[in-house]
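[1] sequence plus the predicted model coming up.
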Amino acid sequence: MSALFPEARLLEIVFPDHTNHLGTLFGGQALAWMDKAAFIVASRHARRTVVTARSEEVNFRVPVRKGQLVELVARLVEVGRSSMKVEVEMTAEDPLTGDSRVCTTGRFVMIALDSNGSPAAVPALPDDLKLALGNFSAD
């Protein structure tokens with residue numbers, strides 16, 4: 001993912017209560033952390049209340065083990081009238097060796113709301129990002 005895009009970063013550590021009977025991160029916990037990162041970057045861009053409309057193409061590539069550090073990077077990659085598409089990449093790191101691997105990726109569509117709970121307009125991406133991406137619409 002390019003560093004040009006608005007982004008949010010979160011760091012977590014995988015504790016025993018985040019894991020299943022195999023000692024690996026619950027998929028639902030991974031999704032919750034990814035959704036949280038997507039929410040933060042979308043909220044900062046829209047400066048409005050934001051909700052998750054959907055998650056798309058979530059890929060669990062490798063297991064995340066108890067005790068590993070997890071870094072989530074969420075980047076805003078598309079903006080429609082009220083919607084924002086966010087790509088999230090989660091990397092697991094062994095805190096003792098520093099070895100890290102991308103473990104999970106996914107896309108989330110977030111919707112900005114007005115004070116009545118109706119979809120609300122969000123700012124467009126800066127022109128230099130539009131040029132980098134070409135023409136699109138997330139709505």
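    Yes, it's here.
[2] could you tell me the end-to-end distance of stretch 59-67?
    Start-to-end span of stretch 59-67 (CA to CA, to the nearest Å) is 21 Å.
[3] if we go by neighbour counts, what in it is buried?
    Judged by neighbour count (16 or more other CB atoms under 10 Å), stretch 59-67 contains these buried residues: Phe60, Val64, Lys66. Where C-beta positions appear, they are placed from N, C-alpha and C, glycine not excepted.
[4] how far off centre is it?
    Offset of stretch 59-67 from its chain centre (CA atoms, centre = their mean, to the nearest Å): 16 Å.
[5] what packs against the host helix or strand of Leu76?
    Using DSSP states H and E, Leu76 sits within strand 69-79. Judged by 3 or more CB pairs under 8 Å, 6 or more residues apart in numbering; DSSP states H and E, the packing partners of strand 69-79 are strand 7-13, helix 27-46, strand 83-93, strand 100-113.
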